[in-house]
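[1] model the following, please.
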Amino acid sequence: MSSETVPSSPIIYTHTDEAPLLATYSFLPIVQAYAAQAGVPVETRDISLAGRILAAFADRLPEDQRTPDALAELGALAKRPEANIIKLPNVSASIPQLKAAVAELQQHGFDLPPYPDEARTDEERDARARYDSVKGSAVNPVLREGNSDRRAPESVKAYARKHPHSMGAWTADSRTNVATMADGDFRHSEQSVVMGADDTLRIEHVAEDGTVTVLKESVPVLAGEVVDATRMDVEALREFITEQIARAQADDVLFSVHLKATMMKVSDPIIFGHVVEMFFPEVFQEYGAQLRAAGISPNDGLGALMAAADALPDGEAIREAVKQRLAQGPALAMVDSDKGITNLHVPSDVIVDASMPAMIRTSGHMWGPDGQEADTLAVIPDSSYSGIYQVVIDDCRKNGAFDPATMGSVPNVGLMAQAAEEYGSHDKTFEIAAAGTVRVVDGSGVALIEHEVNAGDIWRACQTKDVPIRDWVKLAVTRARATGDPAIFWLDADRAHDANLIAKVEEYLPEHDTDGLDIRILTPVEATQVSIDRIRQGLNTISVTGNVLRDYNTDLFPILELGTSAKMLSVVPLINGGGLFETGAGGSAPKHVQQLVKENYLRWDSLGEFLALAASFEHYAGATGNERAQVLADTLDRATGTFLKENKSPARRVGSIDNRGSHFYLALYWAQELAAQSEDAGLASAFASLAATLAENEQTITGELIGVQGRPADVGGYYRPDDELASAVMRPSATFNEALASLG
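    Have a look, this model is predicted:
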């Protein structure tokens, strides 16, 4: 693509949260220094949780404290052909995380209102709406104006085969299983329609006495769009949870619940709250009114309840009742057994797509209160996708653990563009106040979807536009053609949403050349079994999935194959021609930050950033005609290969190279590749001196980077670090900094 076709635009490197943000303080100066030599501008935009909060309240803050709405800016850019965005993992904030971020910003002098759990006044309703706009997965739906192409680069896969990560052994007598609902959940209640024309829908609740309450006045839809709605029967949910608690106790296994309280930011915290209540029924029967009066919600978890107990009249009795119930069993799976943090402490602590593969990788075990691993009953209430994990568990029970040294791969083509499928549900999710009927009504007043509901039920609607579906089918065929691997659409004809997608897939596949390709449509359970059968043969299978399964699969298989999902290449070819390059998952980021603050040691692995950056440079070269950007891409790829071969990823122990040391070695190998390449003599000359300096001072630089470890580090804040403090912590080698500055 020539520079006349697409205007030149800088690469945008996003400032996000937690460990990826801290790593940015170390890595970004390297990126900008190297890119500048090739005439490639690299700019930053703050889309962190703290940045999003401040942008939401900018009009209420003094001028010198205002933060621009970078997410909205990037959302608009993502729809333009010149877009080139490198997106690092961000906090998909649960309410406890949101409250913690607000408290930290208030301590920093920002006059923000508290998050109102119950908004009673206009001012509180306004504050609640602003906070709700930034919690959960607020970033991804805005930026993902394209579908996902996620896979393990060959260099990463080769390294994993040569240096396989540890896998826990499985035995045939493992009692680990998944428990899921057989009726009354979202899957079994789902209804779906395809819009015949552009329209504006309305969501309304009709009470038993005929009173109509509009839940959402306007839901614009386009012709061909798939609109779904479903309901969770809360009485059925509570009965199911009670049964599983008894089952875990009878089977003498750990009890755990696995939800997505970040992405499903409305529905899943409510479900989590019901689990907390059902696990501690006596506590809530006796003290529920007191807890509610104090603003303590089970949706926030056991941790919030225990933290608030001291201020309550019966606080000591509540604490004792909780301890007694924990002692009675069943044993709860633990997030941190040393600190007594249980599976039910915080809704965002156990995220299903990360927690389930970690459990499978560890012999089907989670940690118990005694600090020991144990078999586990993994409770995933909604049955839409829970079956995929049971298939893998059953296979491991039968055939043993997977072998990273020989196993194949399951890359993913994910339907996620334009807030596709469940990601689009948040502003159309409601906890029902009274029994009646919830209806989705079209512009002429005809009810397209109707559900009978009871008080407390969770009802939600979702949208999937036709253009992203067409693009998704195209991308699946493209990847199948490029690799020669089978491509399987994970769709279940017995589920209403999937049945409509199957019809569209069958309509759009003939638009492409599929001769000689193995393209199938299987249920998620069937597709899982085929994929893992092929994995054990060392074969690859492309999973073509909707948005939630994209999230699940791009953790499940990479964690089993590579030990982490952070080592995946995640390219989002934007529908309008731009590129979004994602850098991996951030599930372990909180623990990494805690270790940095305690020991000045950051274990975060930036390999995902290296992979995304190379893809971004390559896209920039093609879009603008800047040949030097392609040289940067090619040399970075080779440097990353050397980085892996030399095993310079962060080590596990203090006193070894950490994230900062890994950045130094990447910079060294990259400079050496640039100095040795023959495509651009000017770049070779520019980097020859730097390569020599870094090599000559390797011991000095690594000594300076390691020498600061073992003592506490102050970065000035968790959600909004102080730039000067964080930069000093993350760039402690004066020798390295001076060498980098010599590039000019």
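
[2] which residue of the protein lies farthest from its centroid?
    Asp209 (42.7 Å; C-alpha atoms, centre = their mean).

[3] which SS state does it fall under?
    coil (DSSP: H, G, I helix; E, B strand; the rest coil).

[4] for the stretch 301-450 of the chain, just list every one of the strands.
    Shown for the stretch 301-450 of the chain, the strands assigned by DSSP state E, counting those that start in this stretch span residues 334-336, 341-342, 365-367, 373-379, 412-414, 429-431, 436-441, 447-453.

[5] the third one packs against which elements?
    It stands for strand 365-367. Based on contacts counted as 3 or more C-beta pairs under 8 Å, 6 or more residues apart in numbering; DSSP states H and E, the elements that strand 365-367 packs against are strand 373-379. For every residue, glycine as well, the C-beta is placed using N, CA and C.

[6] please export the C-alpha coordinates of the strand it packs on as CSV.
    C-alpha atoms of strand 373-379 as CSV (Å, rounded to 0.1, in the frame of the first residue of the first chain):
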residue,chain,number,x,y,z
GLU,A,373,-3.5,-28.6,45.9
ALA,A,374,-6.7,-30.6,45.7
ASP,A,375,-9.3,-31.8,43.3
THR,A,376,-12.0,-29.2,42.6
LEU,A,377,-15.6,-28.8,41.6
ALA,A,378,-15.5,-25.8,39.2
VAL,A,379,-18.9,-24.2,39.2
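
[7] how distant is it from the center of its chain?
    23 Å (C-alpha atoms, centre = their mean, to the nearest Å).

[8] again with stretch 718-733
    With C-alpha atoms, centre = their mean, you get 24 Å for stretch 718-733.

[9] can you measure across that stretch, start residue to end residue?
    23 Å (C-alpha to C-alpha, to the nearest Å).

[10] cool, and stretch 653-661?
    End-to-end distance of stretch 653-661 (C-alpha to C-alpha): 13 Å.

[11] just how off-centre is it within its chain?
    On C-alpha atoms, centre = their mean, the centre of stretch 653-661 falls 26 Å from that of its chain.

[12] ok, residues contacting it?
    19, 22-23, 26, 599, 601-606, 648, 650-651, 664-665, 702, 705-706, 709-710, 730-733 (C-beta atoms under 8 Å, 6 or more residues apart in numbering).

[13] circling back: and the strands of the stretch 301-450 of the chain, which is most packed in?
    Across those, averaging neighbours per residue (mean count of other C-beta atoms under 10 Å) puts strand 412-414 on top, at a mean of 26.

[14] what lines up beside it in the sheet?
    strand 148-151 (antiparallel), strand 542-545 (parallel) (DSSP bridges).

[15] hmm, back to that, so which of the contacts of stretch 653-661 sit within helices?
    Using DSSP state H, the subset of the contacts of stretch 653-661 located in helices is Ala19, Leu22, Ala23, Ser26, Glu599, Phe664, Tyr665, Thr702, Leu705, Ile706, Met730.

[16] surely the first one touches Val597?
    No: applying C-beta atoms under 8 Å, one finds Ala19 not in contact with Val597, separated by 11.2 Å.

[17] and those two? Which one has more around it.
    Using other C-beta atoms under 10 Å as the criterion, Ala19 and Val597 rank with Ala19 on top: 27 against 17.

[18] give the full set of residues in contact with that one.
    Gly586, Ser588, Ala589, Pro590, His592, Val593, Leu596, Leu602, Arg603, Trp604, Asn659.

[19] for the fifth one, which non-adjacent residue is closest in space?
    Read that as His592. Ala19 (3.8 Å; C-beta to C-beta, 6 or more residues apart in numbering).

[20] state the distance from the one you found to Ile85.
    20 Å (C-beta to C-beta, to the nearest Å).

[21] where do the strands sit along the stretch 551-700 of the chain?
    Under DSSP E, counting those that start in this stretch, the stretch 551-700 of the chain gives strands at 569-573, 579-582.

[22] of all those strands, which one is nearest Asp228?
    strand 569-573 (23.3 Å; C-beta to C-beta).

[23] quick one: list the elements packing against the closest one.
    Using 3+ C-beta pairs under 8 Å, 6+ apart, the elements in contact with strand 569-573 are strand 148-151, strand 579-582, helix 607-624.

[24] of all the ones you listed, which one comes closest to Leu475?
    Using C-beta to C-beta, the helices and strands packed on strand 569-573 put strand 148-151 closest to Leu475, at 6.3 Å.

[25] what sits up against the helix or strand that that closest one is followed by?
    Following strand 148-151 in sequence order, the next helix or strand is helix 154-162 (DSSP states H and E). Here helix 154-162 makes contact (C-beta under 8 Å, 6+ apart) with 152, 404-406, 409, 561-563, 567-569, 607, 611, 637, 640-641, 644-645.

[26] before we move on, back to that, with neighbour count as extra columns, can I get the contacts of Ala19 in JSON lines?
    As requested, these are exported to JSON lines (neighbours: other C-beta atoms under 10 Å):
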{"residue": "Gly586", "neighbour count": "24"}
{"residue": "Ser588", "neighbour count": "17"}
{"residue": "Ala589", "neighbour count": "23"}
{"residue": "Pro590", "neighbour count": "17"}
{"residue": "His592", "neighbour count": "23"}
{"residue": "Val593", "neighbour count": "21"}
{"residue": "Leu596", "neighbour count": "26"}
{"residue": "Leu602", "neighbour count": "27"}
{"residue": "Arg603", "neighbour count": "20"}
{"residue": "Trp604", "neighbour count": "30"}
{"residue": "Asn659", "neighbour count": "24"}
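
[27] what is the nearest of those residues to Leu690?
    Lowest distance from Leu690 to those (C-beta to C-beta) belongs to Asn659, with 20.9 Å.

[28] for that closest one, which non-adjacent residue is closest in space?
    With C-beta to C-beta, 6+ apart as the criterion, Asn659 has its nearest non-adjacent residue at 4.1 Å, and that residue is Leu602.

[29] same deal with Tyr287?
    Ile318 (5.3 Å).

[30] and what of Val729?
    Ala713 (4.8 Å).
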